[in-house]
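sequence first, then the predicted structure:
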Amino acid sequence: MPIDLVALAGELAWPLAIALAWVVGELGHRWTHLPRISLYGIVGFALGSTQLGLLPPVAADPISMLANVAFGLILFEFGYRINLRWLRANPWIGLTGLLEAGLSFAAVYALAQLWEMPVLTSLLLASLAMSTSPAALMRVINEERSSGQVTERVLHLTAVNCLLSVFAFKAIVGFWTFQTSGSVLQAASNSVVLLAVSAGIGGAFGFAVPALLRRFGRLTRDATVGFAIGVILLVAITHALKVSPVLASLTFGVVAHHRRVVLNQTQRNFGALGDLLAIVLFVFVATTIAWQRAWAGLGLALLVILVRALVKVGVVGSLARVSGITWRKGVLTGLAMTPISVFVILLLEQARFLGIDLVDQLAPLAAATLLLELIGPVVTQRALLLARESGEPPEG
């Protein structure tokens, strides 16, 4: 029976790419101590359909779904780390997050307008540039076993700017929908309704899953499996309903935390499942970036990265003392908020899934995403090391 080598190569492309990324990540981390996720990104970008062309286009739903599940697991863990009582006890943290995100938005929008980009494109670019990637942060923090003031601050400030970024992005997409279709109902469904339904589903899971685990008597023994299944089901439901798995997964984690669910150390990264899916996620994200598009937007991208970093470091550093930490730790917190790639790419992919393809309009964002996919986790890692919050054991 003859073997169709072309079809076989197509079926094996993604499994082989994931295996290669894992090998490069492990060896590269051992030799260079760079974050594994940066190395996964290098492999994904190199193998992408517009580079070496060894991977098929990423529009395939199974890989996209796996990437969204991986992101959902990370967002759940990220949301679980958010303590709303801490934000109430120290309102300066929330105010810092609001000011940092708002000024990031304004600065990037002004820069895009100086570059003579269309107003709507400038707004979209600014809304996405204000965010920090929770996926990159959580992977680096867990890889470094980091804990301390800088670690907790960067997590909470990222939660604030991500929520604002999602709200702004969906509102702008809703306005874009209204301009193109003239339908108020369709515009609302792509913005306010979508956000409300997403948060509602995530909150419902945050109440239901812990209650079910308590009923089974497994809340402190193997909650990892229960929560992982919950996240997978949540992502599948939001994907089917075409609402936001980002907001739903984050809300799930926040509500589960405030339901007084105690997670033990085996929850870190969701174990081997989370480690495996993280490789899929960071390889997938890098394959979505075409070098031609990134090159076309490189000039503005470099300025966006610089302006964004200056705003985050400047705001967080200047408000450090009034919020209870030293100026040095404030600056390091701002630097640790450099990553952006995964959050942005998956928001754009979800917009594409709704029939709104914005990637071609945001060439500078593609270039910024590629650069920060590679160097963002490194900056976060170095900031945590300089803050002396890394607890990673030495390699054996």
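Cool, got the structure. Not measured: the values here are computed from a predicted model. Numbering: from 1, shown residues only.

use CA for all of it now, contacts and neighbours both
Fine.

next, the contact list for Val307, please.
Ser104, Ala107, Val108 (CA atoms under 8 Å, 6 or more residues apart in numbering).

could you say which helix or strand holds it?
helix 298-318 (DSSP states H and E).

which elements pack onto the helix or strand just after that helix?
Beyond helix 298-318 on the C-terminal side, the first helix or strand identified by DSSP H and E is helix 327-336. Counting contacts by 3 or more CA pairs under 8 Å, 6 or more residues apart in numbering; DSSP states H and E, helix 327-336 packs against helix 149-181, helix 298-318, helix 363-386.

what is the mean pLDDT for helix 327-336?
What helix 327-336 shows for mean pLDDT is 94.

contacts for that helix, please.
Contacting residues not belonging to helix 327-336 are listed as 149-151, 153-154, 309, 312-321, 379-381, 383-384, 386-387 [CA under 8 Å, 6+ apart].

please write out the alpha-carbon positions of it in CSV.
Taking C-alpha atoms only, helix 327-336 is exported to CSV below (Å, rounded to 0.1, in the frame of the first residue of the first chain):
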residue,chain,number,x,y,z
TRP,A,327,11.7,53.3,43.8
ARG,A,328,14.1,50.5,42.7
LYS,A,329,11.4,47.8,43.1
GLY,A,330,8.9,50.0,41.3
VAL,A,331,11.2,50.3,38.3
LEU,A,332,11.8,46.6,38.3
THR,A,333,8.1,46.0,38.4
GLY,A,334,7.6,48.2,35.4
LEU,A,335,10.4,46.4,33.5
ALA,A,336,8.8,43.0,34.4
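
ok and it relative to helix 149-181, angle-wise?
With axes from the mean of the first three to the mean of the last three CA atoms, to 10 degrees defining the directions, helix 327-336 sits at 40 degrees from helix 149-181.

what stretches of the stretch 1-150 of the chain score poorly on pLDDT?
Applying pLDDT under 70 to the stretch 1-150 of the chain picks out residues 1-10, 57-61.

about what we covered before: what mean pLDDT does the helix holding Val307 get?
On average, helix 298-318 scores 91.

the nearest residue to Gly376 once chain neighbours are set aside and Pro134: what is the separation?
Nearest-residue entry for Gly376: Pro339, 4.2 Å, with adjacent residues in sequence omitted and distances by CA to CA, 6 or more residues apart in numbering. Distance, Pro339 to Pro134, using CA to CA, to the nearest Å: 8 Å.

same check, this time on Gly102
Counting by CA to CA, the gap from Gly102 to Pro134 is 18 Å.

between those two, tell me which one has more neighbours.
Pro134 (27 against 18; other CA atoms under 10 Å).

so who does that one touch?
For Pro134, the contacting residues are Ile74, Leu75, Phe78, Leu155, Thr158, Ala159, Phe343, by CA under 8 Å, 6+ apart.

against His33, how distant is it?
For Pro134, the distance to His33 - CA to CA - is 21 Å.

so Ala368 is in contact with Leu302, correct?
Yes. The criterion here is CA atoms under 8 Å, and Ala368 meets it with Leu302 at 6.8 Å.

who's more crowded, the two?
Ala368 (23 against 16).

contacts only, for the residue lying closest to the more buried one once chain neighbours are set aside.
The spatial neighbour of Ala368 that comes closest, neighbours along the chain excluded (CA to CA, 6+ apart), is Ala301 at 4.8 Å. By CA under 8 Å, 6+ apart, the residues touching Ala301 are Pro364, Leu365, Ala367, Ala368.

closest to Gly274 out of those residues?
When the contacts of Ala301 are ranked by distance to Gly274 (CA to CA), Ala368 comes first, at 26.3 Å.

circling back: write a ChimeraX command that selects only the buried members of the contacts of helix 327-336.
Here is the ChimeraX command that selects the buried residues among those (16 or more other CA atoms under 10 Å):
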select :150,151,153,154,309,312,313,314,315,316,317,318,319,320,379,380,381,383,384,387
